[in-house]
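Enquirer: sequence and computational prediction follow.
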Amino acid sequence: MTFNKYFVFVPKALEQDGQQMNEWTSDKETQRQAMVEQAQQQGGC
């Protein structure tokens with residue numbers, strides 16, 4: 001990533017990695033929500 005006074009330049013490869021990270025985070029969030037729902041149904045906290 002390169003900074004100058006007016007712009008931030010981000011290489012294309014980093015953008016693709018960011019999209020993959022967002023997908024991974026989304027999958028983990030979906031799993032977390034399912035586990036929370038299951039715990040609530042079982043009478044957890």
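Expert: Nice, thanks for sending it over. Computed from a predicted structure; not experimentally measured.

Enquirer: quick one, strands of the chain?
Expert: 2-3, 8-9 (DSSP state E).

Enquirer: confidence-wise, which of these is weakest overall?
Expert: Lowest mean pLDDT within those: strand 2-3, a mean of 60.

Enquirer: and stretch 12-22, average pLDDT?
Expert: 66.

Enquirer: what's the answer for stretch 32-39, then?
Expert: For stretch 32-39, the mean per-residue pLDDT is 90.

Enquirer: list the buried ones in that stretch?
Expert: Within stretch 32-39, no residue counts as buried by 16 or more other CB atoms under 10 Å. Backbone N, C-alpha and C define where each C-beta goes, glycine included.

Enquirer: to what extent is Glu23 buried, counted in neighbours?
Expert: The local packing of Glu23 (other CB atoms under 10 Å) involves 10 other residues.

Enquirer: could you report the separation of it from Phe7?
Expert: Distance of Glu23 to Phe7, given as CB to CB, to the nearest Å: 27 Å.

Enquirer: cool, and Thr25?
Expert: Separation of Thr25 from Phe7 (CB to CB): 27 Å.

Enquirer: try Ser26
Expert: Shown here: Ser26 relative to Phe7, a distance of 29 Å by CB to CB.
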